[in-house]
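Enquirer: Got a sequence here, can you model it:
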Amino acid sequence: MTLELRDIVVSRRGKSILNGVSVFPFKQGEFIALVGPNGAGKSTLLRALSQTLPYQGSAVLNGQDLAKMKQSLRSDLVGYLPQNLQSQTDLTVLESLLVAMHAGGGKRMQAAVQMTRFDALLSRFSIAHLTERPLSSLSGGQRQTVGLAQSLVRDPTLLLLDEPTAALDLAMQFRILSELQLLAREGRIVIAVLHDLSQAARWADRIVVLHEGCIHGQGSPGNMLTPDVLAEVYKISARVEHDSKGNLITAVDGLV
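Expert: Below you'll find the predicted structure:
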């Protein structure tokens, strides 16, 4: 399974946001981090891939153009966690999973099978105790975790996540990122917008650097996170070093 992006262009109100974005094919089993400064086009690219934003060009998943797929099939194949989750609702956590399961049509499954899947996700993310709680009563971190469960409820092969560690404490950030890496290893393509470059370097297989609506570079964390790239893209003077366990870390010394 591969995902190919070919000349993705997005314009809004006459302003160009993405300018012909193309990437090397993303492959099954990969965890890809989209990084770049605010306004680089990261969230816009995810919204285009999730088909919630009009675009030109093509996004081809395993030989099929996502834009030309039946919505029901696309709903089965693509899971999307947006940056801003709906929280002002009286739906319970369990009800929100039911809504996610049936949104957009797609394959049907027996109620018992659904509940088995819900139970597995709630257990996986340690939120089974929240099952009957309304979303409006949850903390930001709890809502984010429930949102991740919603995006996985149909067992998609392509998982798109916009800042999945936002509002999470350090322990939950670690847990979610390790889960995303595992989800990729289970046979998915996982693409996440991340702002913490040290986290991106630790967990992602590939980093795609966006800058001013274009691909600045793509490759391994070691090749993409360099002082020169950080200076050019982020306008910072930074050191890229390894910690005592060999993990790549970035330290900002100033502006350029």
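
Enquirer: Only C-alpha atoms from now on, for both contacts and neighbour counts.
Expert: OK.

Enquirer: the strands in the stretch 151-256 of the chain, which residues?
Expert: For the stretch 151-256 of the chain, the strands defined by DSSP state E, counting those that start in this stretch cover 158-162, 189-193, 206-211, 214-219, 236-242, 248-255.

Enquirer: Return the distance of Pro221 relative to Leu197.
Expert: Counting by CA to CA, to the nearest Å, the gap from Pro221 to Leu197 is 9 Å.

Enquirer: Please name whichever of the strands of the stretch 151-256 of the chain is nearest to Gln28.
Expert: Shortest distance between Gln28 and the strands of the stretch 151-256 of the chain, using CA to CA, is found for strand 189-193: 5.0 Å.

Enquirer: helices and strands around that closest one, which ones?
Expert: Contact here means 3 or more CA pairs under 8 Å, 6 or more residues apart in numbering; DSSP states H and E; on that basis strand 189-193 packs against strand 31-35, strand 158-162, helix 170-185.

Enquirer: Can you add distance to Asn84 and mean pLDDT and give the strands of the stretch 151-256 of the chain back as CSV?
Expert: Shown next, in CSV, are these (distance: least, CA to CA, whole Å; pLDDT from 0 to 100):
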stretch, distance to Asn84, mean pLDDT
strand 158-162, 9, 98
strand 189-193, 13, 98
strand 206-211, 21, 98
strand 214-219, 24, 97
strand 236-242, 28, 97
strand 248-255, 27, 96
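
Enquirer: what's the most buried one of the helices and strands packed on strand 189-193?
Expert: Most buried of these by mean neighbour count (mean count of other CA atoms under 10 Å) is strand 31-35; its value is a mean of 26.

Enquirer: I'd like to know which elements the helix or strand just after that one is packed against.
Expert: As assigned by DSSP states H and E, the chain's next helix or strand after strand 31-35 is helix 42-49. If you count contacts as 3+ CA pairs under 8 Å, 6+ apart, helix 42-49 packs onto strand 15-21, strand 158-162.

Enquirer: Nearest to Val256, out of those?
Expert: Nearest to Val256 among the helices and strands packed on helix 42-49 is strand 15-21 (24.5 Å), distances taken as CA to CA.

Enquirer: before we move on, back to that, a markdown table please, covering the helices and strands packed on strand 189-193 and showing distance to Gln51.
Expert: Shown next, in a markdown table, are the helices and strands packed on strand 189-193 (distance: least, CA to CA, whole Å):
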| stretch | distance to Gln51 |
| --- | --- |
| strand 31-35 | 18 |
| strand 158-162 | 11 |
| helix 170-185 | 21 |
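
Enquirer: just so I know, which of these lies nearest Ile215?
Expert: Closest among these, using CA to CA: strand 31-35, at 10.0 Å.

Enquirer: which residues sit against the closest one?
Expert: With contacts defined as CA atoms under 8 Å, 6 or more residues apart in numbering, strand 31-35 is touched by 26, 42, 180-181, 184, 189-195, 197, 200, 203-210.

Enquirer: Give me the pLDDT for the closest residue to Gly41 other than its chain neighbours.
Expert: Distances taken as CA to CA, 6 or more residues apart in numbering place Gly213 nearest to Gly41, at 5.2 Å, with adjacent residues excluded. With respect to pLDDT, Gly213 has a value of 97.
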